[in-house]
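**Q** Whatever this is, show me its structure:
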Amino acid sequence: MSGVLTTSHSIDVDDDLKEYDLEHYDDDDGEGMGEGQQMGMFGNVKSLAYYESNKDDPYITLKDEADDEEEREELQILATDNLVLATKIEDELAHLEVYVYEDDSDNLYVHHDIMLPAIPLCVEWLDIAVGKSIVDKGSVANFVAVGTFDPDIEIWDLDTVDCMYPNAILGQGGNTEEEEKKKKKKKKSKKANDEYHVDAVLSLAANRKHRNLLASASADKTVKLWDLNTAKCAKSYSYHTDKVCSLAWHSVESTVLLSGSYDRTVALADMRAPDELPRRAGVESDVENVKWDPHDPNCFFVSTENGIVHYFDIRHISKDPSSSKGVWKLQAHDESVSSFDLNTVIPGFMATGSTDKTVKLWNITAEGPSMVVSRDFDVGKVFSTSFGPDAEVAFRLAVAGSKGTVSIWDTSTNPGVRKFFAQKMPSTVAGETTVEDRLVGVADDESSSSDDGEDDEDGDQEGSDGVHSMDEGED
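**A** Below you'll find the predicted structure:
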């Protein structure tokens, strides 16, 4: 026998719950909604109110103006701030980071970053607006040119935050749609030509007197001269027989370009005479970097893969590299001198960085160079060493390496530097007997790069404050 047993009973509501009127909880009274407008699209959201402006919503207490003002203050760059450009590969993504260095407060932080399409190899700051028709061509701007493993050169506006696309592309990637349609009919050629690079861009050099000119060196063995006003290649040069890895414009003769190559030669060429054979100097191994002496326009420096730094006088350079003789040469490191820099404010002050993970400071006199101090910054293989360009920060040295870190060192706090360059320092600095060491960096929570640094190619890498062991030695 089966059936359903039903009973009826009354439920007594607790006196404590009566005040909440739970029996009528689901009743729609349409009252108490305030001045908001009801949304009637769905039946289960009839009680949801919305406001046309956040100002009308009583539950939003933080005003938009306050947030905008705070964000503007964070992005503001002061006249006393120093900008540092750094590139890094992290999680297989390449990006360019713009750092702000506050010297007075020993503060270094990332202002904003830019995603890059390929592994960066070189960067060059530009003071001319590229790709902006509304900006006067003679005005001073804040742009950067980036060379990567791709043959194209991208130019970005550093004053624009969260930009998605470059202002201009120098190379085949910058062609118009009509030109692209024509090129699609032809098979893309890897052969070097006079219009664009076909291999990785290894070095960039902006002409500071002819501001619209940018020189580029590539693994396709050519040097190209670009007109930034038109974003087109003005001239191509093929006087090297191997990859061209470093460029430097002369500070006085602004049409003379110095170039270093894996063909173990350095070429001194006048860009106005493309058909004339350049003067050359030969070295014992592949060239790493070339730089003019900022205090003697007749001389230049060359660093090589074998750890040697050469010093040449152009008055003793001929068109035969084997007959060109250097003034002196220095075995600066046991491994490749991947970077070096000359202080533009303090004569005779040179810094060298090597894949042996050390940075050395040198005092150059008429008798030759002598080492002042050697230091391990715990940045891995050193990819970049750069002095501050202004007199106020002339003793600041930025060092970056394969661990994806960059640190800024106040070299004037080192006793050896103070001993050799005391007469060239400000009196307030030279007169002090003891000074605390100043090394500034940015904390990096994640370390995705190995000590070998095969993932990081560019000199200026992302900053880090993780410098724990410092080994110093003085002559």
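
**Q** What's the per-residue pLDDT of Leu78 here?
**A** Looking at Leu78, its pLDDT stands at 79.

**Q** That one and Val283, how far apart?
**A** Distance of Leu78 to Val283, given as C-beta to C-beta, to the nearest Å: 43 Å. C-beta: built from backbone N, CA, C; applies to glycine.

**Q** More neighbours: those two, which one.
**A** Counted by other C-beta atoms under 10 Å, Leu78 and Val283 do not tie: Val283 has more neighbours, with 23 against 7.

**Q** correct me, but the more buried one touches His310?
**A** Yes. Assessed by C-beta atoms under 8 Å, Val283 is found in contact with His310 at 5.8 Å.

**Q** so what sits against both of the two?
**A** Common contact partners of Val283 and His310 (C-beta atoms under 8 Å, 6 or more residues apart in numbering): 302, 304.

**Q** what's the closest non-adjacent residue to His250?
**A** Spatial nearest neighbour of His250, chain neighbours left out: Val256 (4.0 Å); criterion: C-beta to C-beta, 6 or more residues apart in numbering.

**Q** For that neighbour, list each beta-bridge partner.
**A** Asp270 (DSSP bridges).

**Q** What does the pLDDT read for it?
**A** Looking at Val256, its pLDDT is 97.

**Q** That one touches Asp270, doesn't it?
**A** Yes. Contact criterion C-beta under 8 Å: Val256 and Asp270 qualify, at 5.5 Å.

**Q** Neighbour count: those two, which is higher?
**A** More neighbours surround Val256 than the other of Val256 and Asp270, with 19 against 14 (other C-beta under 10 Å).

**Q** Distance of that one relative to Ser323?
**A** Taken as C-beta to C-beta, the span from Val256 to Ser323 is 20 Å.

**Q** what do you get for Gly404?
**A** Taken as C-beta to C-beta, the span from Gly404 to Ser323 is 44 Å.

**Q** quick one: which of the two has more around it?
**A** Counted by other C-beta under 10 Å, Gly404 and Ser323 do not tie: Gly404 has more neighbours, with 26 against 12.

**Q** got the phi/psi numbers for that one?
**A** Backbone torsions of Gly404, given as degrees, to the nearest 10, read phi 80, psi 30.

**Q** Can you verify my assumption that it contacts Asp91?
**A** No. Shown here, Gly404 and Asp91 do not form a contact pair, counting by C-beta under 8 Å, at 11.3 Å.

**Q** What are the buried residues along stretch 311-319?
**A** 311-314, 317 (16 or more other C-beta atoms under 10 Å).

**Q** which residues of the stretch 1-150 of the chain fall in strands?
**A** When secondary structure is read from DSSP state E, counting those that start in this stretch, the stretch 1-150 of the chain shows strands at 37-38, 49-50, 82-90, 93-102, 107-116, 120-126, 143-148.

**Q** hang on, Ser285 in a strand?
**A** No. Per DSSP: H, G, I helix; E, B strand; the rest coil, Ser285 lies outside any strand segment and is coil.

**Q** That one: how many residues sit nearby?
**A** 13.

**Q** re the thing from before, so for His24, which of the strands of the stretch 1-150 of the chain sits nearest?
**A** strand 37-38 (19.6 Å; C-beta to C-beta).

**Q** that older thread, could you pull up the residues touching the residue nearest to His250?
**A** Counting by C-beta under 8 Å, 6+ apart, Val256 makes contact with 249-250, 268-271.

**Q** repeat for Ala248
**A** So Ala248 contacts 205, 257-259, 290-292, 300 (C-beta under 8 Å, 6+ apart).

**Q** Identify, from those, the entry nearest to Trp409.
**A** Lys291 (19.9 Å).

**Q** Since that was my last question, I'll sign off now.
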